[in-house]
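Novice: predicted model, plus sequence, below.
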Amino acid sequence: GQNIDQPTEMTATEGAIVQINCTYQTSGFNGLFWYQQHAGEAPTFLSYNVLDGLEEKGRFSSFLSRSKGYSYLLLKELQMKDSASYLCAVYYGGATNKLIFGTGTLLAVQP
Amino acid sequence: EAGVAQSPRYKIIEKRQSVAFWCNPISGHATLYWYQQILGQGPKLLIQFQNNGVVDDSQLPKDRFSAERLKGVDSTLKIQPAKLEDSAVYLCASTSTRGGELFFGEGSRLTVL
């Protein structure tokens, strides 16, 4: 299988920083996405990592370590609207190159 | 650029009935995916098309689910007969390149009573 593990729920305070971790099986790895999903809506793209290191995009950053099978999403200056589910998804290569999602981390931002 | 279109947005049926969902991907996107998302879980891949050919359907319950993508554009996903555990949101997504960002439709929410 291609297990992708993330914490189920997290809580953070408005204005703070939160880090959401994701671990995955490395065999066949081709890239890793982070998506944001608000309740009742479709997932929307946040970031894509193929190489090791940190990708920064405004308040959101994503880190990847391919050798460790590990990624995290860092959210800075949290806002109430950041309350959502954050999905880690991995492209597994070969003939199918399919995108497999983790179960998602439900983030609650409190005032 | 128009996004991924799905219909219907909502459907309520009784168990053992049948239902069909339709998806129109972004123009020019060769790869199309159907995902099932049960409440509180991440999307689960059901089937992946490359143009009009099936690339992966290993997670599709083929005794009751079927999908097709005629002419490599629109796709339909059918469930017959439906079970209570099929209650979920069915998400369609497309991408222009293998390994590229997926663009999702708004989903079709199915409730089986």
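Specialist: Thanks, I have it.
Novice: can I get the lowest-mean-pLDDT helix or strand in chain A as PDB, trimmed to CA atoms?
Specialist: In chain A, no helix or strand scores lower on mean pLDDT, DSSP states H and E than strand A:98-101, which sits at a mean of 89. Presented in PDB, the C-alpha positions along strand A:98-101 are these (Å, rounded to 0.1, in the frame of the first residue of the first chain):
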ATOM      1  CA  LYS A  98      -1.700   8.200  -9.500                       C
ATOM      2  CA  LEU A  99      -2.300  10.800  -6.800                       C
ATOM      3  CA  ILE A 100      -3.100   9.300  -3.400                       C
ATOM      4  CA  PHE A 101      -4.500  11.500  -0.600                       C
END
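Novice: so what secondary structure elements neighbour the helix or strand just after that strand?
Specialist: Using DSSP states H and E, the helix or strand that directly follows strand A:98-101 along the chain is strand A:105-110. Using 3 or more Cβ pairs under 8 Å, 6 or more residues apart in numbering or on different chains; DSSP states H and E, the elements in contact with strand A:105-110 are strand A:9-13, strand A:18-24, strand A:84-92. Yep, even glycine has a C-beta here, placed from its N, CA and C like the rest.
Novice: the longest one close to chain B?
Specialist: Yes. Applying Cβ under 8 Å from any Cβ of the partner chain, one finds strand A:84-92 touching chain B at A:87, A:89, A:91.
Novice: where in the chain is pLDDT low?
Specialist: If you meant another chain, say so; for now it's chain A. Residue ranges of chain A with pLDDT under 70: A:1-2, A:94-96.
Novice: try chain B instead
Specialist: Where chain B drops to pLDDT under 70, the residues are B:1, B:98-99.
Novice: does the spatially most central residue of it count as helix, strand or coil?
Specialist: Geometric centre of chain B, nearest residue: residue B:34, 3.2 Å, by Cα atoms, centre = their mean. Under DSSP: H, G, I helix; E, B strand; the rest coil, residue B:34 falls in the strand class.
Novice: let me see the contact set for it.
Specialist: Contact analysis of residue B:34 by Cβ atoms under 8 Å, 6 or more residues apart in numbering or on different chains lists B:23, B:45-47, B:67, B:75, B:77, B:90-92.
Novice: residues near the nearest residue to residue A:12 once chain neighbours are set aside, how many?
Specialist: Leaving out its chain neighbours, the residue that sits closest to residue A:12 by Cβ to Cβ, 6 or more residues apart in numbering or on different chains is residue A:18, at 4.1 Å. Residue neighbour count, defined by other Cβ atoms under 10 Å in any protein chain shown, stands at 19 for residue A:18.
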